[in-house]
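> build the 3D model from these lines:
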Amino acid sequence: MEGSEIRRSVIGGDAQVRWRQIVASSAIAVCVGLSFVHAQSGPTVEVNGGTIRGAWTANGGAVFKGVPYAQPPVGDLRWREPLPVRQWTGVRDATRFGAICPQQPSATVPSAAEISSEDCLFLNVWSPEWPITATRPVLLWIPGGGNINGGTSEARHDGEHLARRGVVVVTINYRLGSFGFFSHPALTRESPHKASGNQGLLDQVAALEWVRANIGRFGGDTNAITLAGVSAGAIDISALMTSPLTQNKFRRAIMQSGASRNPISGPLSLSDAEQRGASHAATWGVSPDASLPQLRAVPASQILKAQPVRPVVHLNVTVDGYVVTQAPDEVFAHGAQHKVPIIMGSAARDFTPGAAPPTGLESLIEQAYGPLASRGRPLYAANDPMYGSAEVQWATDTSFRCPAHMQLGQHVAAGNAAFAYEFARLPVPEIQPGGNIHGLDGGYVFGTFAERAQGTKLRPMHFTPADATLSDVMQQYWINFVKTGDPNGSGVPAWAAFRDPARAYLQFVETGPVAKDGLRRAQCDLYIENMNRVSRSR
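From the prediction side, this is the model:
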């Protein structure tokens with residue numbers, strides 16, 4: 001039983017004691033008591049589709065889990081654009097998480113086979129108070145996992161801690177891998193938009209639309225929605241920041257360890273994605289000319305069995321002309337992204353999750369930097385106590401750190417506010433070779449850092465009281481930003497906005513936040529110069 005379940009049981013037990021005392025007092029008190037018990041049976045609210053009943057949180061708020069935001073994408077709806085939920089009768093239970101989307105077992109979700117289903121388009125809502133007395137800003141969380149793993153039923157994504165600070169928290173599932181980022185010529189022909197391949201992004205758009213339509217009933221402000229995510233969730237938010245489908249539909253964005261330049265590959269053109277998708281479908285045991293009904297009849301387990309492990313180049317964002325009309329990094333380069341304030345950052349040792357540090361570093365530098373390689377090699381000649389081996393430094397610089405700082409600079413150049421950070425809580429026990437702490441900061445933001453490894457195959461980590469203090473201050477910054485678009489506020493050290501040439505950032509270390517400038521300046525200057533060189537040669 002989770003901690004929140006235990007707390008609710010305790011509260012329920014107290015209510016029963018009070019009820020028995022009331023019954024003993026008088027018949028009038030019985031009536032009052034009956035009304036009280038009915039109120040304590042769970043908070044209810046009307047949403048698109050019908051009535052849902054959630055549960056109380058320990059601090060007087062409410063949580064609603066497993067709320068459908070679209071029809072189940074099963075049968076003939078597999079790979080289609082999500083459709084609005086259908087009406088149900090009676091009161092739908094919303095006290096348990098819904099199924100996560102189909103995926104293979106992973107280090108963070110080893111029980112994926114037991115808790116996943118194609119019927120997975122659910123979200124969860126935490127309200128800081130119930131009944132509602134005020135309108136509050138909204139944090140909409142998009143989890144990571146390489147767009148191939150993950151879900152919001154993991155303990156580290158529990159929104160109760162953040163909700164206590166006066167915001168409404170929403171976490172969502174979305175289709176993954178072969179179900180959520182699958183292009184095929186037949187799907188493109190079927191689509192009224194002549195597009196395919198971004199089903200997972202369309203789910204995120206549908207969840208955003210659901211929030212805009214319903215969140216006021218939970219005390220949320222539709223004019224103060226912040227999109228936030230880590231890893232693939234952050235990469236997806238960069239795509240959503242360039243999509244015509246989300247224009248003027250959210251106010252702010254937080255991207256943790258994920259930039260518009262995908263560390264696995266750039267987005268594919270629709271034709272390339274279709275070709276790779278068709279080749280992928282051929283591994284499902286169907287004929288090369290299989291029809292869509294035949295493809296949709298293939299069991300999910302068979303599709304998952306044929307799905308390769310990461311990196312999965314062809315199961316990623318596609319420039320489909322509908323959801324994504326241009327490569328997101330190109331949109332940011334031209335300053336045409338949505339004009340919203342952002343927080344963006346990465347971890348000190350932060351490279352493609354699930355991967356070992358790269359080998360053959362000199363060859364990698366030569367291949368990536370070409371005529372600039374002679375300037376790159378000396379920058380990766382030694383180990384660093386903060387940033388790890390030369391290989392780990394290279395992987396982090398080119399996958400997360402420098403792409404984020406390039407994107408931050410582009411966003412500011414377009415006239416937008418931006419704040420940069422580095423999560424540098426070191427040392428921690430190595431999660432994998434090189435001490436990869438990719439995504440660990442998400443647990444500090446949610447206040448669930450100590451639950452990172454519970455129920456997973458990750459190595460246990462030993463946290464100190466300093467971790468609780470660090471988590472508290474990170475939550476304060478994030479909540480300030482969700483409320484105002486600026487992380488600064490009373491009780492926390494000043495966080496300077498990101499601007500060239502200083503490139504101010506806040507470094508989160510065990511002893512607290514430290515204001516700094518020019519994170520890995522030489523390495524990121526060279527990375528940005530090289531990316532501009534490559535862009536000019538296209």
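> got the domain ranges for this protein?
The chain breaks down into these domains under automatic domain parsing: 1-41, 46-340, 348-538.
> so of the ones you listed, which one's packed in deepest?
Ranked by mean neighbour count under mean count of other CB atoms under 10 Å, the domains of the chain are led by domain 46-340, which reaches a mean of 20. Any C-beta I mention is one placed from the backbone N, CA and C, and that applies to glycine too.
> quick one: end-to-end distance for that domain.
Between the opening and closing residues of domain 46-340 there is a gap of 31 Å (CA to CA, to the nearest Å).
> pretty sure T171 contacts G144?
No - in terms of CB atoms under 8 Å, T171 does not count as a neighbour of G144; the distance is 12.0 Å.
> tell me the confidence at the nearest residue to G216 once chain neighbours are set aside?
The shortest distance from G216 to any residue other than its chain neighbours is 6.1 Å, reached at T222 (CB to CB, 6 or more residues apart in numbering). Listed pLDDT for T222 reads 97.
> partner strands of the helix or strand that T222 is a member of, parallel or antiparallel?
Counting by DSSP states H and E, the element that carries T222 is strand 220-230. Each strand pairing with strand 220-230, determined using DSSP bridges, is listed with its direction: strand 136-142 (parallel), strand 252-256 (parallel).
> least confident of the domains of the chain, on average?
domain 1-41 (a mean of 37).
> next, find the distance separating R375 from R92.
When distances are taken as CB to CB, to the nearest Å, R375 and R92 turn out to be 60 Å apart.
> all the helices of the stretch 151-300 of the chain, in order from the start?
For the stretch 151-300 of the chain, the helices identified by DSSP state H, counting those that start in this stretch occupy 160-163, 177-180, 185-190, 199-214, 232-240, 270-281, 292-296, 300-306, in order along the chain.
> check which helices and strands the fourth one sits against.
Counting contacts by 3 or more CB pairs under 8 Å, 6 or more residues apart in numbering; DSSP states H and E, helix 199-214 packs against strand 122-127, strand 136-142, strand 168-172, helix 177-180, strand 220-230, helix 232-240.
> okay, and the nearest residue to Q410 once chain neighbours are set aside sits in which element?
Ranked by CB to CB, 6+ apart and with sequence neighbours excluded, the top spatial neighbour of Q410 is F332, at 4.5 Å. Secondary structure assignment for F332, by DSSP H and E: helix 328-333.
> related to what we said a few turns ago, list the contacts of the residue nearest to Q410.
With CB atoms under 8 Å, 6 or more residues apart in numbering as the criterion, the residues that contact F332 are S238, M241, T242, S260, Q407, Q410, H411.
> just to revisit the earlier point, so which of the strands paired with strand 220-230 gets nearest W284?
Closest to W284 of the strands paired with strand 220-230, according to CB to CB: strand 136-142, at 28.0 Å.
> OK, contacts around the nearest residue to L245 once chain neighbours are set aside?
Of all residues beyond its chain neighbours, the one nearest L245 is V205 (5.0 Å), with distances taken as CB to CB, 6+ apart. Applying CB under 8 Å, 6+ apart to V205 gives the contacts L240, S243, L245, T246, V323.
> between those, which is nearest G75?
Ranking those by separation from G75, with CB to CB as the measure, puts V323 on top at 22.7 Å.
> quick one: contacts for the closest one?
With contacts defined as CB under 8 Å, 6+ apart, the neighbours of V323 are A195, N198, L201, L202, V205, A239, S243, L245.
> doesn't D320 make contact with the first one?
In this case it means A195. Yes - the pair A195 and D320 qualifies as a contact (CB under 8 Å) at a distance of 3.7 Å.
> related to what we said a few turns ago, roughly how far does the residue nearest to G216 sit from P293?
According to CB to CB, T222 and P293 sit 39 Å apart.
> next: G180.
20 Å.
> what do you get for I342?
For I342, the distance to P293 (CB to CB) stands at 43 Å.
> Q307 now?
From Q307 over to P293 (counting by CB to CB), the distance is 21 Å.
> so where do the strands sit in the stretch 301-450 of the chain?
Counting by DSSP state E, counting those that start in this stretch, one finds strands in the stretch 301-450 of the chain at the ranges 318-319, 342-347, 418-423.
> now find how far off-centre the first one is within its chain.
Just to be clear, that refers to strand 318-319. 19 Å (CA atoms, centre = their mean, to the nearest Å).
> helix, strand or coil for V63?
Taking DSSP: H, G, I helix; E, B strand; the rest coil as the rule, one finds V63 in the strand state.
> who does it bridge with?
What pairs with V63, by the bridge criterion (DSSP bridges), is A55, W126.
> what about stretch 159-174, start to end distance?
Using CA to CA, the distance between the terminal residues of stretch 159-174 is 18 Å.
> again, but for stretch 159-169
Distances were taken as CA to CA; on that basis the terminal residues of stretch 159-169 are 6 Å apart.
> quick one: residues in contact with that stretch.
Under CB under 8 Å, 6+ apart, the answer for stretch 159-169 is 4, 57-59, 61, 63, 124-128, 136-139, 141, 170-171, 215, 218-220, 445-448, 475-476, 478-479, 482-483.
> redo the strands of the stretch 301-450 of the chain as TSV? Include distance to A163.
Compiled in TSV, the strands of the stretch 301-450 of the chain are given as follows (distance: least, CB to CB, whole Å):
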stretch	distance to A163
strand 318-319	35
strand 342-347	19
strand 418-423	22
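> what's the closest of those to N383?
For these, the distance to N383 is smallest for strand 342-347, at 17.3 Å, taking CB to CB.
> and that closest one, what does it pack against?
Helices and strands touching strand 342-347, by 3+ CB pairs under 8 Å, 6+ apart, are strand 252-256, helix 402-413, strand 418-423, helix 440-446, helix 465-484.
> make a markdown table from the ones you listed and add distance to A522 to it.
Formatted as a markdown table, the helices and strands packed on strand 342-347 follow (distance: least, CB to CB, whole Å):
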| stretch | distance to A522 |
| --- | --- |
| strand 252-256 | 24 |
| helix 402-413 | 11 |
| strand 418-423 | 16 |
| helix 440-446 | 24 |
| helix 465-484 | 28 |
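> if we can go back for a sec, ok, the residue nearest to G216 touching N214?
No - in this structure, T222 sits apart from N214 without contact. The criterion is CB under 8 Å, and the distance is 9.2 Å.
> what helices or strands is the strand or helix carrying V67 leaning on?
Taking DSSP H and E as the criterion, the element that holds V67 is strand 62-68. Under the contact definition 3+ CB pairs under 8 Å, 6+ apart, strand 62-68 sits against strand 55-56, strand 122-127.
> including distance to S363, could those strands go into CSV?
What follows is the helices and strands packed on strand 62-68, written out as CSV (distance: least, CB to CB, whole Å):
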stretch, distance to S363
strand 55-56, 55
strand 122-127, 45
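> out of those, which is closest to Y527?
Sorting the helices and strands packed on strand 62-68 by CB to CB, the top spot, which is the nearest, belongs to strand 122-127 at 36.3 Å.
> so the closest one versus strand 168-172, what angle?
Put simply, strand 122-127 runs at 170 degrees to strand 168-172, going by axes from the mean of the first three to the mean of the last three CA atoms, to 10 degrees.
> contacts for strand 122-127, please.
For strand 122-127, contacts defined as CB under 8 Å, 6+ apart pick out 54, 57, 61-69, 97-99, 152, 159-160, 162-163, 168-173, 207, 210-211, 215, 218-220.
> and with 6 Å instead?
When contacts are defined by CB atoms under 6 Å, 6 or more residues apart in numbering, strand 122-127 is touched by residues 61-69, 98, 152, 159-160, 163, 168-173, 207, 218-219.
> who wins for proximity to A327 among the helices and strands packed on strand 62-68?
Put simply, out of the helices and strands packed on strand 62-68 the one that sits nearest A327 is strand 122-127, at 28.5 Å, with distance taken as CB to CB.
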